[in-house]
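**Student:** sequence first, predicted coordinates after that:
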Amino acid sequence: MKQLAPSILSADFSRLGECVCQIEKAGADIIHVDVMDGHFVPNISFGAAVMKSLCGKTGMPFDVHLMIEDPDRYLEDFITDNTEYITVHAEACVHLHRTIQHIKSSGAKAGVAVNPATPLSAVECVLEDVDMILIMSVNPGFGGQKFISSVLPKIRNLDELRRENNLDFTIEIDGGINPDNVKTVTDAGVDIVVAGSSVFGAADIEARVKEFREILQK
Ligand code: DX5
Ligand code: ZN
């Protein structure tokens, strides 16, 4: 089943707990947590303390997207009862295989993200080790950017590699997803869809989650 992971980066931070309950009630599956350090990406978002404040407010799993340099230094901070995935960027990890093992030994599923300009060859050697590959469809750092459609062949190639090699990692997409393009990416092989501004920027957030859900169920 395809899943929807709204990104709280675009939520109203002054009422984050309420926003999370609202999307959960409407049928969202996962909370996407965008952590930015102002070094790996040109923006600072929030850290583990903000994420931890949501524990106990929701039963939804956390999908932590670390857009930070030297992620090994902070991994443990993001382990909570809700944490399901911790994803690091291939571009930010000198010893990617070691970092993947570190995530797994911390108790989370390991994801690796690739920027739009990063080829799949950057992660081919670790496909047997990861639980998820996150294909970035915008350059990371900001919500509300336009979907870069040239990543579509990359999704199809990754899905093909997965089938050819009998692997079972999840494919996630992140950036510029809305109800008009979500079917294109799921048809290409995506399992988890991240959506920030198209969910939390909608006039009716619950209706937007339901709209996504209906498309994903088809
Ligand atoms: C971008 C973040 C995304 C962002 C998506 O760097 O990783 O998760 O919140 O936002 P939208 O869906 O608005 O592109
Ligand atoms: Zn993200």
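**Tutor:** Structure's in. What do you need? Ligands and ions are numbered 1, 2, ... in the order given.
**Student:** now name the helix or strand holding whichever residue of the chain sits closest to ligand 2.
**Tutor:** Residue nearest to ligand 2 within the chain (CB to the ion): His65, separated by 3.7 Å. Any C-beta I mention is one placed from the backbone N, CA and C, and that applies to glycine too. If you go by DSSP states H and E, His65 is part of strand 62-67.
**Student:** for Gly201, the count of nearby residues, please.
**Tutor:** When counting by other CB atoms under 10 Å, one arrives at 15 neighbours for Gly201.
**Student:** which non-adjacent residue is nearest it?
**Tutor:** Ser10 (5.9 Å; CB to CB, 6 or more residues apart in numbering).
**Student:** got a list of what that neighbour touches?
**Tutor:** 143-144, 196-197, 199-201 (CB atoms under 8 Å, 6 or more residues apart in numbering).
**Student:** any idea how far the spatially most distant residue from the centre of the chain is from Ile44?
**Tutor:** If you look at how far each residue of the chain sits from its centre, by CA atoms, centre = their mean, the farthest one is Glu164, at 24.3 Å. From Glu164 across to Ile44, the span is 40 Å (CB to CB, to the nearest Å).
**Student:** how about the residue of the chain found nearest ligand 1, what does it touch?
**Tutor:** Of all residues in the chain, Gly196 sits closest to ligand 1, at 2.8 Å by CB to the nearest ligand atom. For Gly196, the contacting residues are 6-7, 9-10, 32, 34, 143-144, by CB under 8 Å, 6+ apart.
**Student:** and these, which of them are buried?
**Tutor:** For the contacts of Gly196, a neighbour count by 16 or more other CB atoms under 10 Å gives the buried set as 6-7, 9-10, 32, 34, 143.
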